[in-house]
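Student: when you get a sec, could you give me coordinates for this:
(chains A and B)
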Protein chains: 2
Amino acid sequence: MSNSLRIGIAGLGTVGAGVVKILAERSTHLTAACGRPLELVAVSARDKTRDRGIDLSGVRWEDDPMALASAGDIDLVVELIGGSEGIARELVEASLKAGKHVATANKALVAHHGTALAQAAESKGVALNYEAAVAGGIPIVKAMREALAGNEIRSIHGILNGTCNYILTEMETTGRDFADVLKDAQDLGYAEADPTFDVGGIDAAHKLAILASLAFGTEVDFDNVHIEGIEKISATDIAFAKDFGFKVKLLAIAEKSDDGIVQRVHPALVPEGTPLAAVSGVYNAVAVDGDRVGHLVLEGRGAGEGPTASAVLSDIVDIARGLIVAPFIVPATKLKAPARPLMEAHKSSFYLRLRAVDRAGSMAAITRALAEASISIERIVQRGGKGDDSGRLPVVFVTHETDESTMARARTLLAQHEDVAGTPLMIRIEDGELR
Amino acid sequence: MSNSLRIGIAGLGTVGAGVVKILAERSTHLTAACGRPLELVAVSARDKTRDRGIDLSGVRWEDDPMALASAGDIDLVVELIGGSEGIARELVEASLKAGKHVATANKALVAHHGTALAQAAESKGVALNYEAAVAGGIPIVKAMREALAGNEIRSIHGILNGTCNYILTEMETTGRDFADVLKDAQDLGYAEADPTFDVGGIDAAHKLAILASLAFGTEVDFDNVHIEGIEKISATDIAFAKDFGFKVKLLAIAEKSDDGIVQRVHPALVPEGTPLAAVSGVYNAVAVDGDRVGHLVLEGRGAGEGPTASAVLSDIVDIARGLIVAPFIVPATKLKAPARPLMEAHKSSFYLRLRAVDRAGSMAAITRALAEASISIERIVQRGGKGDDSGRLPVVFVTHETDESTMARARTLLAQHEDVAGTPLMIRIEDGELR
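Tutor: Alright, predicted model coming up:
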């Protein structure tokens, strides 16, 4: 067993338990596939007594996860604790410093500290693998780091949060509203008790920041991701979008602009018939546009024990086979500081829903206000008879292409308009790059 | 440059030229990504004078590709000649024997001789990489060999031939018939002058045999693939299928049965709303069902200079980084001889189209014949008024699940039936495993 890869796992939640199960159940295959045994030497978790349905006999238990970083008999530390700071960060830093390989599923950690951690890994010649941090079981990190090396990447469009996609799909199929479906998702375990990270777009932004670095050779730059969540999307919007031939998705987009790398997470109208529009329920998907490969779309389960453990195993197997890739493809010292184009300059067409006062002349006044704000209208839809308690009717405008700052001014004007109740809801339309 | 990976390329068609271009244009990035330069040392092709739009100054020209296998200054031979026998096979065998790594886009070679070539590579400790042999730019070989190592694979469903998918998509959107669309595809360069390998399903079967070996740990077994092409599919079938909520696709399927590994390539009715049904035009896609990861779908361009060269680069980069994986994951000597279940035992529901004589009582007679043949009917569609020159009307039956041998007997009976003209066309319905 002297040539085995000796593994320590910190964190035994569902994913950690899933990894332990695969190592045990597929041991013979994995040894043959790697040319050496994968040996689970030690684990660490908070509660030693909990029944996780796994056999840990012969595996050392460490109450302190930091013991894994200093253990002389461990080659690879698998970090499954989570969180961008605290013990997870300390453990990964200490493990790399001690010259141990690290595999982690921790998207927040990599999004916030990826560049520095990559430098630490490279200075010791060890791996920092994080396949499970992005899109669960979808091998998108491997695709970006290895398979697409011959390509200059033009853009990435992802559905990277299964909770949001589940909620939006449910809203679409049942016609129920956000709060209602969210509660169900929480009851089913698809959404956390505090759903902010998911529905607010932060989780998707963590993953996007990682993918953007891989795509464009820039430092991981989570702070510059423009983030909007799905909280304001209503069943009405989804129904209107459907009438127009679109689905509403929370998209995570990274693309090159003349000024640098745009990173943005927000709800978007995606044309039906494109691969991303067809991604339903808890599924994730990533569409990569490369100059040689063209459009490549990977779709699969973005979370859960099996898919995430599958991704962790991918990282472990790579290390066992001796593949050490710079965490962000090129040495971290060569990653470019990302230029940060202002979101205000971003252009697209927009879906704009507002509640109009139901009086003669209100539509004329509103369209005039939009024209004065330099917004050119492609389409107006007003559905009669369905006013809210105050007799206001939903009106939807689809605009021609305009920039964010013009749209922001228009929304401010409309919010103050006597014929409009509240601030209009805006959803960007993404119909260009998705094939 | 002493640590560079020294490359020889045999074959400078569009793919070979594409590889040369990427090596030149992305040289800086590739050196940074691999930690060493990728150095094109020599090339060999038939016509030295042809203008390929590439700069070969400083690159040795070999009239005889076999010189690459024996050259002392080459570490990796890239075989882009094609064909399962002849010079391509000789070159790959000689290169491996000489202890050189090999990357190839040659699906026929790997499908016919994969197991033996893998043994040759493993005995010398070199790589035999063939990402470009399956589904062009889609990194499915890497996904199977590396990313999914933690999974037991349950099935693979692929759209692996872009020519067929283009033809079927065109037939669907234009209502034109096979021969007509094929001719256009030939004029556009999407189909070969002799289209047999593509439209007959052989090309897809080559790729499927490779994927099946990767999925199930069995020897590559092309001879046991059940192959049917798309030649008999008519626009009528596609229209009927659409009415039933299906698309017609040439599917390549490998799955475990109680008796072994079933490998089959044939037209199939795929339910709309599933990922594979949405794959249109020249795109390829592979849906993998793994016990941990669940359904994973990869979609992209399956052919052409850019996508195929991108895949060849993936293979080259892996070798430069020192990743040597057994060609079929586990050592070739451990690959199991595949048990070969008979296609006759395969079960599915079927689409059955026949031309019925237009007389009172003919439908009753035909349905009675089907009942006598133990075929249970789920649905019958007859379109009135549209008879052919002889007054025969297309009638379509959708059957409940039955086995192939029962269906074969029924078709033979119907072909002899006085109320039926010709042998009924049968298309399998695949609605189980696609999510």
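
Student: please count neighbours and contacts with C-alpha atoms only from this point.
Tutor: Fine.

Student: buried stuff in the host helix or strand of residue A:88?
Tutor: Assigned by DSSP states H and E, residue A:88 falls within helix A:86-97. Judged by neighbour count using 16 or more other C-alpha atoms under 10 Å in any protein chain shown, the buried positions of helix A:86-97 are A:87, A:88, A:89, A:91, A:92, A:93, A:94, A:95, A:96, A:97.

Student: pLDDT at the third one, what is it?
Tutor: Per-residue confidence (pLDDT) for residue A:89: 98.

Student: and it, how close does it get to residue A:211?
Tutor: To residue A:211, residue A:89 is 20 Å away according to C-alpha to C-alpha, to the nearest Å.

Student: what about the longest helix in chain A?
Tutor: In chain A, taking DSSP state H as the definition, the longest helix is helix A:107-124.

Student: what angle do that one and helix A:86-97 make?
Tutor: 20 degrees (axes from the mean of the first three to the mean of the last three C-alpha atoms, to 10 degrees).

Student: hmm, who's touching helix A:107-124?
Tutor: Contact with helix A:107-124 is made by A:82-85, A:88-89, A:93, A:96-97, A:99, A:101, A:127-128, A:130, A:133-134, A:203, A:206-207, A:209-210, A:219-222, A:326-328, A:331-333, as judged by C-alpha atoms under 8 Å, 6 or more residues apart in numbering or on different chains.

Student: now, these that are in strands?
Tutor: In strands, defined here by DSSP state E, the members of the contacts of helix A:107-124 are A:101, A:128.

Student: select only the buried ones of the contacts of helix A:107-124 in ChimeraX?
Tutor: Here is the ChimeraX command that selects the buried residues among the contacts of helix A:107-124 (16+ other C-alpha under 10 Å):
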select /A:82,84,88,89,93,96,97,99,101,127,128,130,133,134,203,206,207,209,210,219,220,221,222,326,327,328,331,332
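
Student: residues contacting the closest residue to residue A:36 other than its chain neighbours?
Tutor: Once flanking residues are discounted, residue A:36 sits nearest to residue A:4: 5.4 Å by C-alpha to C-alpha, 6 or more residues apart in numbering or on different chains. Counting by C-alpha under 8 Å, 6+ apart, residue A:4 touches A:36, A:37, A:38, A:39.

Student: over to residue A:249?
Tutor: Contacts of residue A:249 by C-alpha under 8 Å, 6+ apart are A:159, A:165, A:168, A:267, A:268, A:269, A:270, A:277.

Student: residue A:427 versus that one, what's the distance?
Tutor: Taken as C-alpha to C-alpha, the span from residue A:249 to residue A:427 is 10 Å.

Student: need the overlap of contacts for the two.
Tutor: Applying C-alpha under 8 Å, 6+ apart, one finds that residue A:249 and residue A:427 are jointly contacted by A:267, A:268, A:269.

Student: wait, which of those is closest to chain B?
Tutor: Distances from chain B to the shared contacts of residue A:249 and residue A:427, taken as C-alpha to the nearest C-alpha, are shortest for residue A:269 (18.6 Å).

Student: the residue lying closest to residue A:147 once chain neighbours are set aside: which element?
Tutor: Of all residues not flanking residue A:147 in the chain, residue B:314 sits nearest, at 4.6 Å (C-alpha to C-alpha, 6+ apart). Here residue B:314 sits within helix B:305-320, counting by DSSP H and E.

Student: may I have that helix as PDB, with CA atoms only?
Tutor: Taking C-alpha atoms only, helix B:305-320 is exported to PDB below (Å, rounded to 0.1, in the frame of the first residue of the first chain):
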ATOM      1  CA  GLU B 305     -12.000  21.900 -38.200                       C
ATOM      2  CA  GLY B 306     -12.400  24.000 -35.000                       C
ATOM      3  CA  PRO B 307     -14.200  21.500 -32.700                       C
ATOM      4  CA  THR B 308     -12.100  18.500 -33.800                       C
ATOM      5  CA  ALA B 309      -8.800  20.500 -33.500                       C
ATOM      6  CA  SER B 310     -10.000  21.600 -30.100                       C
ATOM      7  CA  ALA B 311     -10.400  18.000 -29.000                       C
ATOM      8  CA  VAL B 312      -7.000  17.000 -30.400                       C
ATOM      9  CA  LEU B 313      -5.500  19.900 -28.400                       C
ATOM     10  CA  SER B 314      -7.200  18.500 -25.300                       C
ATOM     11  CA  ASP B 315      -5.300  15.300 -25.800                       C
ATOM     12  CA  ILE B 316      -2.000  17.000 -26.500                       C
ATOM     13  CA  VAL B 317      -2.300  19.200 -23.400                       C
ATOM     14  CA  ASP B 318      -3.000  16.200 -21.200                       C
ATOM     15  CA  ILE B 319       0.100  14.500 -22.400                       C
ATOM     16  CA  ALA B 320       2.200  17.600 -21.900                       C
END
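
Student: of the contacts of helix A:107-124, which ones also sit close to chain B?
Tutor: A:326, A:331 (C-alpha under 8 Å from any C-alpha of the partner chain).
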